[in-house]
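**Student:** sequence unavailable; structure follows:
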């Protein structure tokens with residue numbers, strides 16, 4: 001029953017995230033900044049679950065919010081790939097998905113391996129938000145460098161100069 005509740009909360013968050021992203025006016029925010037916001041939101045909600053050990057209903061609400069951030073980052077990543085790779089985007093997008101799947105498949109066994117070695121799974125779970133925030137830093141630095149050069153990507157994958 002709990003597994004079904006968690007999956008339902010996550011699916012509801014994914015649905016809401018896609019609706020919100022679709023309602024965002026084009027050009028309102030650059031894709032990389034939006035991607036950074038989505039990663040940050042996902043990592044913060046995941047971190048809150050780890051830190052506060054909430055009750056079932058608060059945890060389900062946080063999982064739904066996490067699902068919204070995670071679902072909003074996928075089309076943003078595709079938009080960036082389309083802008084960056086142009087006609088090669090149909091090849092780049094599956095590679096981006098493959099990297100995400102590798103992370104999703106390799107992450108849990110790696111965390112389990114590290115937890116077995118350290119004896120503390122909770123400490124190893126912090127690797128997820130730490131890695132997420134490292135990705136956010138890379139995205140924001142990339143955005144600042146492009147802005148300094150006068151180049152940016154707006155929502156919808158169009159380049160602005």
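**Tutor:** On my side now, so go ahead. Nothing here was measured: the structure is a model prediction, and the numbers come from that model. Numbers count the residues shown, from 1 in each chain.

**Student:** mind listing the strands in this protein by residue range?
**Tutor:** 152-154, 158-160 (DSSP state E).

**Student:** which residues of the protein score low on pLDDT?
**Tutor:** For the chain, the stretches flagged by pLDDT under 70 are 1, 96-111, 121-125, 128, 132, 139, 151-161.

**Student:** just the helices in it please.
**Tutor:** Ranges of helices in the chain, per DSSP state H, are 2-23, 31-52, 56-85, 89-118, 121-125, 127-149.

**Student:** ok, now how distant is residue 136 from residue 2?
**Tutor:** 30 Å (CB to CB, to the nearest Å). For every residue, glycine as well, the C-beta is placed using N, CA and C.

**Student:** please say which of those two ends up with more neighbours.
**Tutor:** Neighbour count, other CB atoms under 10 Å: between residue 136 and residue 2, residue 136 has more, with 20 against 9.

**Student:** verify the stated contact: that one with residue 38.
**Tutor:** No: Residue 136 lies out of contact with residue 38 (CB atoms under 8 Å); the separation is 9.2 Å.

**Student:** which non-adjacent residue is nearest residue 59?
**Tutor:** residue 49 (6.0 Å; CB to CB, 6 or more residues apart in numbering).

**Student:** for that neighbour, what are its contacts?
**Tutor:** Taking CB atoms under 8 Å, 6 or more residues apart in numbering as the criterion, residue 49 is in contact with 59, 62-63, 66.

**Student:** tally of neighbours for the closest residue to residue 70 other than its chain neighbours?
**Tutor:** Distances taken as CB to CB, 6+ apart place residue 42 nearest to residue 70, at 5.2 Å, with adjacent residues excluded. Neighbour count of residue 42, defined by other CB under 10 Å: 25.

**Student:** grab the most central residue of the chain for me.
**Tutor:** Centroid-nearest residue in the chain, with CA atoms, centre = their mean: residue 39, separated by 3.9 Å.

**Student:** thought that residue was touching residue 134?
**Tutor:** No: the criterion here is CB under 8 Å, and residue 39 misses it with residue 134 at 9.7 Å.

**Student:** in stretch 25-37, which residues are buried?
**Tutor:** 30-37 (16 or more other CB atoms under 10 Å).

**Student:** residues touching residue 147, list them.
**Tutor:** By CB under 8 Å, 6+ apart, the contact list for residue 147 is empty.
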